[in-house]
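Undergrad: attaching a predicted model along with its sequence, questions to come.
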Amino acid sequence: MNAGNSVKKYSYKEKVISRVDRFNRKHKMFKIFGLLYAIIAISVYNFLFYFYRNTKRFTCLACILLFFVASSSFSYPGMALTISFASDFERIDSETIETQPLSETTVEESDAQLAIIEDVDSEVIKEALESGNPDVAEAEHLDPEKQASLYDILNANATEDEDRVVETNEIEEEAVATAAEPEVEAIIESEPDFDEDDWKIMLVNKQHPIPDDYEFPLGTITGTMRCDERIITPLLDMMKAANSEGVSLIICSPYRDMNRQTMLFDNKIDKYMAAGMSYMEAYNLASQAVTVPGHSEHQVGLAIDIITDGYSNLDEGFGNTNAGKWLAANSYKYGFILRYPAGKEHITSIEFEPWHFRYVGVDAATFMVQNDICLEELWSTYVK
């Protein structure tokens with residue numbers, strides 16, 4: 001046997017410990033330094049040895065990381081972020097960008113069609129973002145054929161065998177005779193319970209679509225104007241009461257069917273897309289300007305927009321007219337509520353609409369007015 005092979009081989013750790021042990025025996029006052037040396041030497045050895053045993057693994061990882069960095073756009077800080085391969089485009093401020101040739105080499109013409117970045121009409125975007133009343137039909141309230149006064153309704157309902165037109169003075173006499181003050185219950189002190197299945201208080205908004213199986217009887221107001229037939233009588237009573245006090249109420253934009261609402265919504269999308277938006281951008285903005293089909297109260301025939309003689313705009317100014325003031329003070333007596341009141345925008349998600357009235361029944365309307373709550377608040381607390 002070779003004598004060299006019989007000599008015991010020590011590991012690096014054992015050599016360090018042996019060396020420190022000899023140092024500590026000679027220098028007992030400095031044992032702490034020997035201990036620190038042993039800890040540092042063994043730790044560094046183990047760390048380096050770990051990488052040595054996993055050389056292939058770390059080499060592969062480094063290659064992958066290098067490839068990722070080399071192929072990423074942020075590895076080229078010298079390249080401008082506004083560079084485009086479009087052959088011709090304009091800046092947002094409509095100023096033309098002057099480009100310089102990349103080299104002296106002449107680029108041959110090609111039949112390939114390159115992408116063109118289109119400008120978006122800023123006025124169209126501004127109009128959409130400023131729209132806070134998405135349940136307003138475009139210009140529908142300005143069409144005389146889409147309006148109905150008390151005179152128009154009573155004339156349309158006159159019996160055919162009379163073969164005459166109802167005179168204005170007859171309307172006024174009938175209004176005074178039939179405009180008796182409705183009985184309004186006293187303030188309810190205990191909390192009432194409203195039934196969620198009651199059609200009168202159905203909640204329809206952005207979060208609550210019209211149920212797929214919901215059906216209701218349509219009645220004709222006059223001509224092509226329709227609504228839920230169950231609200232026609234209280235609507236006429238309210239108009240007669242207002243007329244007896246010298247206030248003119250003109251109905252516009254009552255019931256809209258799904259096709260009409262879809263057309264209004266699609267028209268907005270087409271308008272925004274024509275201005276340079278993508279479909280999804282146009283859809284998002286259209287939903288802020290027009291109620292998404294299936295989420296409009298007009299589609300269940302319970303919502304009525306109202307204007308008056310001399311003021312046909314659907315805006316906040318209507319609230320300052322005699323008609324707007326009369327409705328705000330008296331509509332609840334006939335079962336109607338100001339659907340989107342001022343100060344409740346954070347709840348309804350709709351800005352103040354002094355022209356938009358919704359039928360909920362006398363009981364609910366009275367309770368809501370007495371407690372200064374909107375329909376969403378009624379549902380969140382009192383509907384069971």
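TA: Happy to help now that I have it.

Undergrad: show me what contacts the closest residue to G246 other than its chain neighbours?
TA: Take G246 and drop its neighbours on the chain: the residue closest to it by Cβ to Cβ, 6 or more residues apart in numbering is N322, 7.7 Å away. Heads up, the C-betas are built off the backbone N, CA and C, glycines and all. Listed by Cβ atoms under 8 Å, 6 or more residues apart in numbering, the contact set of N322 reads 246-247, 308.

Undergrad: state the distance from S244 to L218.
TA: For S244, the distance to L218 (Cβ to Cβ, to the nearest Å) stands at 29 Å.

Undergrad: next one: L66
TA: For L66 relative to L218 (Cβ to Cβ), the value is 71 Å.

Undergrad: ok, R22 next?
TA: R22 is 106 Å from L218, by Cβ to Cβ.

Undergrad: do the same with Y359
TA: Distance, Y359 to L218, using Cβ to Cβ: 14 Å.

Undergrad: can you list contacts of the top helix by length along the chain?
TA: The longest helix of the chain (DSSP state H) is helix 31-53. Contacting residues not belonging to helix 31-53 are listed as 12-13, 16-17, 20, 23-24, 27, 58 [Cβ under 8 Å, 6+ apart].

Undergrad: same list (those residues) but as JSON lines, adding distance to A328 and neighbour count.
TA: Shown next, in JSON lines, are these (distance: Cβ to Cβ, whole Å; neighbours: other Cβ atoms under 10 Å):
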{"residue": "Y12", "distance to A328": "92", "neighbour count": "12"}
{"residue": "K13", "distance to A328": "90", "neighbour count": "13"}
{"residue": "V16", "distance to A328": "92", "neighbour count": "19"}
{"residue": "I17", "distance to A328": "93", "neighbour count": "16"}
{"residue": "V20", "distance to A328": "93", "neighbour count": "20"}
{"residue": "F23", "distance to A328": "97", "neighbour count": "17"}
{"residue": "N24", "distance to A328": "96", "neighbour count": "17"}
{"residue": "H27", "distance to A328": "98", "neighbour count": "11"}
{"residue": "F58", "distance to A328": "76", "neighbour count": "12"}
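
Undergrad: farthest pair in these?
TA: Greatest spatial distance in these: H27 and F58, 39.9 Å, computed using Cβ to Cβ.

Undergrad: ok, which stretches of the stretch 201-350 of the chain are strands?
TA: 218-222, 225-228, 250-252, 303-307, 336-340 (DSSP state E, counting those that start in this stretch).

Undergrad: check contacts around E196.
TA: By Cβ under 8 Å, 6+ apart, the residues touching E196 are 379, 383-384.

Undergrad: quick one: low-confidence parts of the stretch 151-300 of the chain?
TA: Scanning the stretch 151-300 of the chain for pLDDT under 70 picks out 158-191.

Undergrad: so where do the helices sit in it?
TA: Using DSSP state H, counting those that start in this stretch, the helices of the stretch 151-300 of the chain run over 168-178, 232-244, 258-274, 279-289.

Undergrad: among the ones you listed, which is nearest S296?
TA: Taking the helices of the stretch 151-300 of the chain one by one with Cβ to Cβ, helix 258-274 is closest: 5.5 Å.

Undergrad: show me what the closest one is packed against.
TA: Packing partners of helix 258-274 (3 or more Cβ pairs under 8 Å, 6 or more residues apart in numbering; DSSP states H and E): helix 122-130, helix 279-289.

Undergrad: give me the buried positions along the last one.
TA: Pointing back at helix 279-289 there. 281-283, 285-287, 289 (16 or more other Cβ atoms under 10 Å).
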